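Trainee: okay, sequence plus prediction incoming.
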Amino acid sequence: MKILGIETTCDETGAAVVEGKLNSTLGLKLLSNVVASSVELQKKYGGVVPEVAAREQVRVIIPVIKEALSEFSPKDIDAIAVAHGPGLIGSLLIGVETAKVLALAWNKPLIGINHLVGHIYANSVCEKSKIKNQKSKIEFPLIALVVSGGHTDLVLMAEHGKFRLIGSTLDDAAGEAFDKVAKLLGLGYPGGPEIEKLASSVPTKGEARQRRQRLGFSVNLPRPMIGSKNFNFSFSGLKTAVVNLVHSSQFTVHRKSEIAAEFQQAVVDVLVTKTINAAKKYRVKSIVVGGGVAANELLRSEFIVHSKRLGIEIIFPSKEFSVDNGAMIAAAAFYNFKKVDPEKLSADPSLHF
Ligand code: KG4
Ligand code: ZN
């Protein structure tokens, strides 16, 4: 079965064709993948301006879909999947209405996919050339951590299609905190990769770290809610701690990279500790991590260490599929194939699990 996936929830316009066979132990084959991003435009404003994002979606949606389908004719496609929320209403409408029109014109089944569910399934996609070596490693029950610019959610899954939200952020999402702290430190947008780059020059362990501590460079930031019994998160206090540091008399240029490293470590400590605690409590067989923040190297390496200790499989998408794309929407549709009437599918900015 070949599915066309369309993603337009925020500032990326994605279209991809993914192929898979039900009951196969292999991952899904990526046949085409096109992503256009308005990030360069958004950089000027230091964040996503919804109106700008929506206008760009209108401008590029047809060329992006055309390119993704350049080697196919409509008769090769078995279904059309579209992310219908959560997201920015203007951006969402473009993808949803385009998918509805294509489904009606080509007489194809239409599947509405929750963008957050898409992030969970991003790891099932695999490039054509690597498909023979790629096993579909998902084993249930599993815990999924979705960490993006708008969400930080822990979800328990007993099987495909069954999502139980067990924890969420009470305020800022982890990616949002990365973006806001980057802005405070005078770095560019999106903030996650910028903070990661700046932090990479700072030793977080060993003798080198101690030397920096003696020189008075190092900083200590809180790990909000790390010891709480529930699985909720909070990142706005951590952001405020950085605001206070930046505005204090102790702030020097030497401390900028130190703050970036300590902030990144604090976010990673909280995300990993809470997810591992949930994995233990619910005795899961695998942990899946998805969303833009899943591209972070420190998060990946710490998850690998801790899940190995527990003997649990840890699954990440490739970095390309951590951030928004159409392939993850097609992949989610493959495992959650629920046809909807095009007249009944609407964009829903506040959709959740
Ligand atoms: O999933 P995504 O592409 O869009 C949303 O659904 O929000 O996630 C974007 C978020 C941004 O906040 C960005 O700063 C963050 O993911 N991000 C990262 C990294 N790459 C992207 N955060 C930390 N480290 C990264 N390497
Ligand atoms: Zn996303």
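Mentor: Here it is on my side, so go on. Ligands and ions are numbered 1, 2, ... in the order given.
Trainee: for the lengthiest helix in the chain, name the packing helices and strands.
Mentor: The residue-count maximum for a helix in the chain (DSSP state H) belongs to helix 254-281. Applying 3 or more CB pairs under 8 Å, 6 or more residues apart in numbering; DSSP states H and E, one finds that helix 254-281 makes contact with strand 142-147, strand 152-157, strand 164-168, helix 174-184, helix 191-199, helix 236-246, strand 286-290, helix 297-310. For every residue, glycine as well, the C-beta is placed using N, CA and C.
Trainee: quick one: strands adjacent to the helix or strand following the last one?
Mentor: Note on helix 297-310: by DSSP states H and E, the next helix or strand toward the C-terminus is strand 313-315. If you go by DSSP bridges, strand 313-315 pairs up with strand 286-290 (parallel).
Trainee: alpha carbons only: can I get the partner strand in PDB?
Mentor: C-alpha atoms of strand 286-290 as PDB (Å, rounded to 0.1, in the frame of the first residue of the first chain):
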ATOM      1  CA  SER A 286      10.100  -0.100  24.300                       C
ATOM      2  CA  ILE A 287      10.500   3.700  24.500                       C
ATOM      3  CA  VAL A 288       9.900   5.800  21.400                       C
ATOM      4  CA  VAL A 289      11.000   9.400  21.200                       C
ATOM      5  CA  GLY A 290       9.700  11.800  18.600                       C
END
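Trainee: is there any residue in the longest helix of the chain that contacts ligand 1?
Mentor: No: judged by CB under 6 Å from any ligand atom, helix 254-281 stays clear of ligand 1, getting no closer than 7.5 Å.
Trainee: just the buried residues of that helix, please?
Mentor: Within helix 254-281, the residues that count as buried by 16 or more other CB atoms under 10 Å are 255-268, 270-279.
Trainee: sorry, back to before: now, of the helices and strands packed on helix 254-281, which is deepest in the fold?
Mentor: Ranked by mean neighbour count under mean count of other CB atoms under 10 Å, these are led by strand 142-147, which reaches a mean of 27.
Trainee: close to ligand 2: what parts of the stretch 51-200 of the chain are there?
Mentor: By CB under 5 Å from the ion, the residues of the stretch 51-200 of the chain that approach ligand 2 are Ser148.
Trainee: need the nearest residue in space to the residue in the stretch 51-200 of the chain that ligand 1 sits nearest to, chain neighbours excluded.
Mentor: Across the stretch 51-200 of the chain, the shortest distance to ligand 1 (CB to the nearest ligand atom) belongs to Gly192, at 2.0 Å. With CB to CB, 6 or more residues apart in numbering as the criterion, Gly192 has its nearest non-adjacent residue at 4.2 Å, and that residue is Phe178.
Trainee: if I look at that neighbour, how far off is Ile113?
Mentor: In this view, Phe178 and Ile113 are 25 Å apart by CB to CB, to the nearest Å.
Trainee: Val219 now?
Mentor: Distance from Val219 to Ile113, by CB to CB: 41 Å.
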